[in-house]
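Trainee: Next one to model:
(chains A, B and C)
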Amino acid sequence: MANAKKIAELLLKRYPSPKLALNFSTPLELLVATILSAQCTDARVNEVTRQLFKKYRKAEDYARADMKRFEEEIRPTGFYKNKAKMIVECCKRLVEDYGGDVPDTLEELTGLPGVGRKTANMVLGSAFGKQTMAVDTHVLRVSNRLGLVRSDDPEVVEEGLVRQFPKGRLTKINLAMILHGRETCTARRPKCMECVLYKECEWPDKTGR
DNA sequence: CTCCCGATAT
DNA sequence: ATATCAGGAG
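Mentor: Next comes the predicted model:
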């Protein structure tokens, strides 16, 4: 079993104040941006939301959106028909059940259309200041390579990481892991030689490059 | 399990 | 040419 305490310490030293690369200023904006980010780079999401957030400011705005127009507005993020439907349906529900506000519990968030566990944890952690571990593709990969939790089931990884890391720093560690996965422990050609976790890592395929 | 979707790195 | 990119629904 990998040394979670040591890994957390090194990770936070490398990323002292890690933040999401997604641009947002409200829980609703983060919710929309996170849905758009599925299988898409954060840079592209930010390009799209820069325009989108000027036009759609409240859940009511999305709930009333013209589907065809909205699909075109988010098209570059891919999966645009699904995402458009998810966001609009989700916001209709926000209006009907939550007075247009974004709820702040895991149960309520995952009950919304288009909102899975990863999206819910991301919103809770970065928009509501709660301590959560959102397991996306980066966290999944980094956790498995390090040997922290070996599973391809995001929920299993989440529970394992929550158990091993200090509760009060979960969100920071979460964001640091995401940055580490994006910049260093990349899916293709990870930069093992510049990795601050090299000595803690149990991955057998560490390239010598 | 498949499908949704386009762009980019390798 | 193929894997992958801040996933989730049916």
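Trainee: What residues of stretch A:48-56 count as buried?
Mentor: A:48-49, A:52-53, A:56 (16 or more other CB atoms under 10 Å). No exception for glycine: its C-beta is placed from N, CA and C like everyone else's.
Trainee: Also stretch A:200-209?
Mentor: Those would be A:200-201, A:203, for stretch A:200-209 by 16+ other CB under 10 Å.
Trainee: What of stretch A:169-186?
Mentor: For stretch A:169-186, by 16+ other CB under 10 Å, it's A:170-181, A:184-185.
Trainee: Which other helices and strands does the longest helix seen in chain A contact?
Mentor: As assigned by DSSP state H, the longest helix anywhere in chain A is helix A:80-98. On a contact count with 3 or more CB pairs under 8 Å, 6 or more residues apart in numbering; DSSP states H and E, helix A:80-98 meets helix A:27-36, helix A:59-63, helix A:67-74.
Trainee: just the angle between that helix and helix A:27-36, please?
Mentor: Going by axes from the mean of the first three to the mean of the last three CA atoms, to 10 degrees, helix A:80-98 is angled at 150 degrees with respect to helix A:27-36.
Trainee: Tell me the buried residues in whatever helix or strand comes next after helix A:80-98?
Mentor: Per DSSP states H and E, the first helix or strand lying C-terminal to helix A:80-98 is helix A:106-110. Going by neighbour count (16+ other CB under 10 Å), the buried part of helix A:106-110 is A:106, A:109.
Trainee: Show me what the following helix or strand past helix A:106-110 is packed up against.
Mentor: Tracing the chain past helix A:106-110, the next element assigned as helix or strand by DSSP H and E is helix A:117-126. On a contact count with 3+ CB pairs under 8 Å, 6+ apart, helix A:117-126 meets helix A:27-36, helix A:106-110, helix A:154-164, helix A:170-183.
Trainee: Pull up the residues of chain A that are close to DNA strand C.
Mentor: A:20-22, A:33-35, A:37-42, A:79, A:82, A:86, A:112-120, A:122, A:136-138, A:141, A:178, A:181-182, A:187-188 (CB under 7 Å from any atom of the strand).
Trainee: What separation do you get for the residue in chain A that DNA strand C sits nearest to and DNA strand B?
Mentor: Nearest to DNA strand C in chain A, going by CB to the nearest atom of the strand, is A:Gly116, at a distance of 2.6 Å. According to CB to the nearest atom of the strand, to the nearest Å, A:Gly116 and DNA strand B sit 12 Å apart.
Trainee: quick one: low-confidence ranges for chain A?
Mentor: Within chain A, the stretches with pLDDT under 70 are A:208-209.
Trainee: Now do the domain split for it, please.
Mentor: Domain ranges of chain A: A:4-18+A:133-200, A:27-126, per automatic domain parsing.
Trainee: that older thread, can you put the buried residues of stretch A:200-209 in TSV and add secondary structure?
Mentor: Below are the buried residues of stretch A:200-209 laid out as TSV (DSSP: H, G, I helix; E, B strand; the rest coil):
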residue	secondary structure
A:Glu200	helix
A:Cys201	coil
A:Trp203	coil
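Trainee: And the helices and strands packed on helix A:80-98: which comes nearest DNA strand B?
Mentor: Comparing the helices and strands packed on helix A:80-98 by CB to the nearest atom of the strand, helix A:67-74 comes nearest, at 7.5 Å.
Trainee: Alright, I will stop here.
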